[in-house]
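K.L.:
any chance you can model this:
(2 chains)
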Amino acid sequence: TIRFILIQNRAGKTRLAKWYMQFDDDEKQKLIEEVHAVVTVRDAKHTNFVEFRNFKIIYRRYAGLYFCICVDVTDNNLAYLEGIHNFVEVLNEYFHNVCELDLVFNFYKVYTVVDEMFLAGEIRETSQTKVLKQLLMLQSLE
Amino acid sequence: MPAVSKGDGMRGLAVFISDIRNCKSKEAEIKRINKELANIRSKFKGDKALDGYSKKKYVCKLLFIFLLGHDIDFGHMEAVNLLSSNKYTEKQIGYLFISVLVNSNSELIRLINNAIKNDLSSRNPTFMCLALHCIANVGSREMAEAFAGEIPRILVAGDTMDSVKQSAALCLLRLYRTSPDLVLMGEWTSRVVHLLNDQHMGVVTAAISLITCLSQKNPEEFKTCVSLAVSRLSRIVSSASTDLQDYTYYFVPAPWLSCKLLRLLQCYPPPEDGAVKGRLVECLETILNKAQEPPKSKKVQHSNAKNAILFEAIALIIHYDSEPNLLVRACNQLGQFLQHRETNLRYLALESMCTLASSEFSHEAVKTHIETVINALKTERDVSVRQRAADLLYAMCDRSNAKQIVAEMLSYLETADYSIREEMVLKVAILAEKYAVDYSWYVDTILNLIRIAGDYVSEEVWYRVIQIVINRDDVQGYAAKTVFEALQAPACHENMVKVGGYILGEFGNLIAGDPRSSPLVQFNLLHSKFHLCSVPTRALLLSAYIKFINLFPETKPTIQEVLRCDSQIRNSDVELQQRAVEYLKLSSIASTDVLATVLEEMPPFPERESSILAKLKKKKGPGAVSGNELEEGKREGGELNGAGERPGDSSAIGASNAVRLHIPTHSLNYDIIYPPPPLFQSTPSPSADLLGLRSAAPVSAAPPSAGSLLVDVFSEAGPAAPAAGANDDGFLRFVCKNNGVLFENQLLQIGVKSEYRQNLGRMYLFYGNKTSVQFVNFTTTLKPVDPLVEGGAQVQQVINIECLTVFSDAPLLNIKFRYGGALQNLTLKLPVAINKFFQPTEMSSHDFFQRWKQLSQPQQEAQKIFKANHAMDTEVLKAKLLGLGTALLEKVDPNPDNFVCAGVIQTKAQQVGCLLRLEPNAQAQVHTHFPVRALGLESRPLGVSSVTTLSLCVSVVHHSFICNKCL
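P.N.:
Numbering: from 1, shown residues only, chains lettered A, B, ... in the order given. You can find the predicted model right below:
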């Protein structure tokens, strides 16, 4: 089960924060900082997994952006690692070569993409074709 | 500026975002934001009605400002208005705002729920999905109340669109997680299970998460999912890499769905139906076979997706633990990964192999990889991989390889990361003990541990080595010789001094024949360390000295001189001073015989499970249990004791009433080691049990001979009675007060009066016979009372209570008696909760908030938001908080509505300072926010027990607030 999804850049600016557990605002800020501290010190020789409090973070870096998913320790690491990649490929297709600025200016659309693919902390849809078709349909609506 | 150039959406928003990005300083950004907020506010307040587009744009700007980290206190109503727009883009922004800025304002909730309701019944799939996503994102109780009945209907309806079904399934899952009592599957169960057969793979992918969660809670009702899952899995596994089109990911058919199916099957034992089982085994074999096939793509995505399924399949094989062939194949596959160039795979293989090691079928196969794993421990760059390697070595250890593994772990310890040293030390200590064939090896190993990582050697470890040495005559001489040698080192760890002092004090005579380790040499060696040691170690050494006087009469003048010198006999530490005085007196006036009796060698300790194991279990915890700390705490309750107990060690003797070095009082228990508290007599009780787990000695097992019996607040076992007390309600009343009626029925009334001081308490129980007939054979599990209770009479019982460490379950009291021939049997919870051991602490506003801020680690804080069941009257709240035992700090919180309190929880094992803050939500009049932060006052960093304390405090307070009778 996903506890939260974070997209952060190397400087620690949050580009997306999606919470699937109740946290208050201070706690969220603390988590964001902790995740940044934990993830940015790791290099390519490290695993894509980090133990984090009672959970673990599965993360992958794309250019200057870290995509982090916090899941339960018993969850399947590789499935979530590829879940991230699948999500990134959808973003890339949807924004035609996605870059960090797309996520900034279209933050409200990113939430829609997330909800199509992950809901209630679970994987909702994995087919890129289906997700993109739906997103294009929504895009065409007024 | 890509978004603007893409030309859709809101230009004003894009301009605003650009402005913010161009701000050179934080001040400039705040200025720009304030300007925008003023602008939006005036638009919202203006006379001119805003069109949908503008409203959407401004709400979206507010959302952006909120996401930048600024507070937003208006715009909610406009966002709610957007929900009823019939334009998708407006509705979407409205729902997004609501989902991100959840607000418990009850007026709005009603409006929001109304809009959701309309969208759910709109038959427009896009709107339905928006509404469902909003419910899934917010997941509040109010929403569950409003929609938990409707969503299952949408989920199984024949005409619901696939995408809506997907959202409905997960929405329901969210509601089930937050409010399980409101989601009643009953009639829908079978249709939900059959979603596993749905043609649309996306529907299956979403629904299976719901089904898995429901199966975990109600396995029996959902067990038909097993055969459906197997056939679905079988179809996917046997399909060609292109069959599933949209659901094929880098040539791997439906990897996520496969994983979820395999995960669902892990909720159940192996299928009983032979055909189903055969089909499943076939699937698992196919998955293992595919791992050996050449990859269809060089991309890491391909191998990751394939291996995600493989690891999940192996997890299922391990879960079944019944197919030797598959287990061994799994092990071989993981063995290949151990040397893979991908760090991820090496890590996962080590992790997965750890569970394989505990299966009897694969244990031997796992052992064959020992060299690779040792190599990983030495060479891996990522500490988390090394940690897994250490875990695996621990798991694969048995008699045949223990010496090798322990030696490797010891050598790794020299360079191990600080973060994992303590755990490594515990593991080495456990393995050394468990697989010791000759105990000299064991002693060497532990002394090495202390030498290499002395700081990380916890009390449990050195208590244990002493315990074992005392219990085994064959190793005592060797131990004495070895510690003597170890102490020669110019700088040795204080733990070494402790072990050395203890062992030489007991067995120094075994090496005293050698002039190089004559009594005086031994004494001088120990005493040369004395001044560098902390008070507890010095206390232990003083006890060793008095033992020396008994072992070696010739050392008496030297030692007496040491005891007599001012730095001992007038030591400012009262414990040290007392020991010096008492030992000096004892050695001067007691006859040799008396001395020999009092200072006799320690008798063997009872054999039982090592408390180190308990400590390790505690450290590791059960993993990902979220929002479950309370339960975790309960489970650990029984284990925590180990930490507080010491071997019946001479280090703690020397107190007021009597010096008792060891006086066996009971075949299994030795006397208390602590100075008896002035209030009570020291008595034999289970709390004196030495090392190991409390569960071995339930209260009722103690002989009812002693005058007053310490109630072991920890004994989970308690009397053999139902766990729950018959007086939960009565119990709650005592959270904030100490006197009252604990229980009453037609026959019996039980009154309670109690008082607490620090970690001690005394409770008077009054059993009143309400009838006119005698009760006969009246017994309670606490201690004997008069077996006859005349009609109308009252019998009194006094019990003394000592809080050993943090606990969650109240001790139980079982009462039996005969009334007119019928046996009456009652089990009650004694009204003892952790807050009884609060000592109030006054502090200034400045101190309070400074400490409050310092206590910001996640494990230092717990909180709960709950509904107050009753109107929140200030005076009542105050009375409750005072009753809680803390100091209520007036005029400390700048917000006059809030209450802040401070206190220290006193247990024998530790003291935990707690700061509490109750934040009644004045607006809503219903929600109360209750965070607690705490700091362990001991020097060690705050451990699990403190977190438990916090959760307990919160829960106790919560209880006191939902119960209106507790005043």
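K.L.:
next, the contact list for the residue lying closest to residue B:595 once chain neighbours are set aside, please.
P.N.:
When the adjacent residues along the chain are set aside, residue B:595 lies closest to residue B:550, with 5.2 Å between them (C-beta to C-beta, 6 or more residues apart in numbering or on different chains). Where you see a C-beta, it was placed from the backbone N, CA and C, and this is true even at glycine. When contacts are counted by C-beta atoms under 8 Å, 6 or more residues apart in numbering or on different chains, residue B:550 is found next to B:595, B:596, B:599.
K.L.:
next one: residue B:173
P.N.:
Contacts for residue B:173 (C-beta under 8 Å, 6+ apart) come out as A:120, A:122, B:136, B:209, B:210, B:213.
K.L.:
swap in residue B:353?
P.N.:
B:331, B:334, B:335, B:338, B:366, B:369, B:392, B:395.
K.L.:
which element is it on?
P.N.:
For residue B:353, the element it lies in under DSSP states H and E is helix B:343-356.
K.L.:
alpha carbons of whichever helix or strand comes after that helix, in PDB - could you do that?
P.N.:
Using DSSP H and E, the helix or strand that directly follows helix B:343-356 along the chain is helix B:363-367. C-alpha atoms of helix B:363-367 as PDB (Å, rounded to 0.1, in the frame of the first residue of the first chain):
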ATOM      1  CA  HIS B 363      17.700 -24.300   5.100                       C
ATOM      2  CA  GLU B 364      20.500 -26.500   3.800                       C
ATOM      3  CA  ALA B 365      20.300 -25.000   0.300                       C
ATOM      4  CA  VAL B 366      20.600 -21.500   1.700                       C
ATOM      5  CA  LYS B 367      23.700 -22.500   3.700                       C
END
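K.L.:
coming back round to it: ok, of the contacts of residue B:550, which come out buried?
P.N.:
In terms of neighbour count (16 or more other C-beta atoms under 10 Å in any protein chain shown), the buried residues within the contacts of residue B:550 are B:595, B:599.
K.L.:
most widely separated two among the contacts of residue B:173?
P.N.:
With distance counted by C-beta to C-beta, no two of those lie farther apart than B:136 and B:213, which are 13.4 Å apart.
K.L.:
more neighbours: these two, which one.
P.N.:
More neighbours sit around residue B:136 than around the other of residue B:136 and residue B:213, counting by other C-beta atoms under 10 Å in any protein chain shown; the figures are 27 against 22.
K.L.:
quick one: contacts for the residue lying farthest from the centre of chain A?
P.N.:
Within chain A, the residue lying farthest from the chain centre (C-alpha atoms, centre = their mean) is residue A:142, at 27.1 Å. Each residue near residue A:142 by C-beta under 8 Å, 6+ apart is listed here: B:87, B:88, B:89.
K.L.:
closest one of these to chain A?
P.N.:
When these are compared for distance to chain A (C-beta to the nearest C-beta), residue B:88 wins out at 3.9 Å.
K.L.:
for the closest one, give me its contacts.
P.N.:
If a contact means C-beta under 8 Å, 6+ apart, then residue B:88 has A:138, A:141, A:142, B:126, B:127, B:130 as its contacts.
K.L.:
could you find the closest non-adjacent residue to the second one?
P.N.:
I take that to be residue A:141. residue B:88 (3.9 Å).
K.L.:
and the closest residue to residue B:386 other than its chain neighbours, backbone torsions?
P.N.:
Counting by C-beta to C-beta, 6+ apart, residue B:386 lies nearest to residue B:380, which is 4.8 Å off, once chain neighbours are set aside. Main-chain torsions, residue B:380, degrees, to the nearest 10: phi -60, psi 140.
K.L.:
residue B:380 reaches residue B:390, doesn't it?
P.N.:
No: applying C-beta atoms under 8 Å as the test, residue B:380 and residue B:390 come out as separate, 10.4 Å apart.
K.L.:
of those two, who's got more company?
P.N.:
It is residue B:390, of residue B:380 and residue B:390, that has more neighbours when counted by other C-beta under 10 Å, with 25 against 21.
K.L.:
any idea how far that one is from residue B:377?
P.N.:
Between residue B:390 and residue B:377 the computed distance is 6 Å (C-beta to C-beta, to the nearest Å).
K.L.:
cool, and residue B:282?
P.N.:
Summarising the geometry, the distance separating residue B:282 from residue B:377, computed by C-beta to C-beta, is 38 Å.
K.L.:
for the biggest helix by length in chain A, buried residues please.
P.N.:
In chain A, with assignment by DSSP state H, the single longest helix is helix A:77-94. By neighbour count with 16+ other C-beta under 10 Å, helix A:77-94 contains the buried residues A:77-91, A:93-94.
K.L.:
next: stretch B:395-411.
P.N.:
In terms of neighbour count (16+ other C-beta under 10 Å), stretch B:395-411 has its buried residues at B:395, B:396, B:397, B:401, B:402, B:403, B:405, B:406, B:408, B:409, B:410.
K.L.:
how far does that stretch stretch from one end to the other?
P.N.:
For stretch B:395-411, the first-to-last residue distance is 18 Å (C-alpha to C-alpha, to the nearest Å).
K.L.:
now stretch B:216-226
P.N.:
End-to-end distance for stretch B:216-226: 13 Å, by C-alpha to C-alpha.
K.L.:
and it, does that touch chain A?
P.N.:
No: for stretch B:216-226, no contact with chain A is found by C-beta under 8 Å from any C-beta of the partner chain; the gap never falls below 11.5 Å.
K.L.:
in helices only, show me the buried residues of stretch B:395-411.
P.N.:
With helices taken from DSSP H, the overlap with the buried residues of stretch B:395-411 comprises B:395, B:396, B:402, B:403, B:405, B:406, B:408, B:409, B:410.
K.L.:
just the closest of the residues you listed to chain A, please.
P.N.:
Compare each of these with chain A using C-beta to the nearest C-beta and the shortest gap goes to residue B:395, at 16.5 Å.
K.L.:
thinking that closest one is in contact with residue B:357, fair?
P.N.:
Yes: contact between residue B:395 and residue B:357 holds when scored by C-beta under 8 Å: they sit 3.9 Å apart.
K.L.:
which residues are common contacts for the two?
P.N.:
Taking C-beta under 8 Å, 6+ apart as the criterion, residue B:395 and residue B:357 both touch residue B:366.
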